[in-house]
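Student: could you look at this predicted model? Sequence included:
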Amino acid sequence: MDRWLRLLLIVLVLAYIPGTPGLGVDTRSADAAPAFLGYVYGLAFFAPLLAVTGSWRWRVAATWLALLSGVLAIVLPGLDELGVLAGPAPVGMLVLNAVLIVIGVAITWRAWRATRPRTMRAPAG
């Protein structure tokens, strides 16, 4: 895991904060969503934190956790954009979801490339 992936994971965690219902741009009630969704969003929030903290000691596990973080950062905001999770999202949340999806794609791409073996390189010269 390189420093850019670590930085993207930190940015992802910071981007999740304004999306907390009642705290930032999400004006919907927390009761509008099913109860299990809180656990899923908890995983989506803590997975990048664990990936960053474990990236210096457990690089392989942290890279796979970063990949999971990126996928969750694409799927959850994507479903929220469609209004599947807790009903129609307010405009501010739609913008934040778009930002989360872009960050999620970047994380997924970098983490996926980090999991691939480097034995398939072109021969030198």
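Tutor: Arrived safely, thanks for sending. Numbers count the residues shown, from 1 in each chain.
Student: any weak-confidence spans in the protein?
Tutor: 30, 32, 118-125 (pLDDT under 70).
Student: grab the nearest non-local neighbour of the residue nearest to the spatial centre of it.
Tutor: In the chain, the centroid-proximal residue (CA atoms, centre = their mean) is Ala73; its distance is 3.1 Å. Excluding the flanking residues, the one nearest Ala73 by CB to CB, 6 or more residues apart in numbering is Gly104, at 2.9 Å. All C-beta spots, glycine's among them, are computed from the backbone N, C-alpha and C.
Student: the residue nearest to the centre of the chain and Tyr16, how far apart?
Tutor: Ala73 sits 8 Å away from Tyr16, taking CB to CB, to the nearest Å as the criterion.
Student: common neighbours of these two, please.
Tutor: Ala44, Leu100 (CB atoms under 8 Å, 6 or more residues apart in numbering).
Student: assign Ala62 to helix, strand or coil.
Tutor: Classification of Ala62 using DSSP: H, G, I helix; E, B strand; the rest coil returns helix.
Student: buried residues in the longest helix along the chain?
Tutor: In the chain, with assignment by DSSP state H, the single longest helix is helix 91-115. Buried residues in helix 91-115, counted by 16 or more other CB atoms under 10 Å: 93, 96-97, 99-101, 103-104, 106-108, 110-111, 114.
Student: try stretch 2-22
Tutor: For stretch 2-22, by 16+ other CB under 10 Å, it's Leu5, Arg6, Leu8, Leu9, Leu12, Val13, Ala15, Tyr16, Gly19, Pro21.
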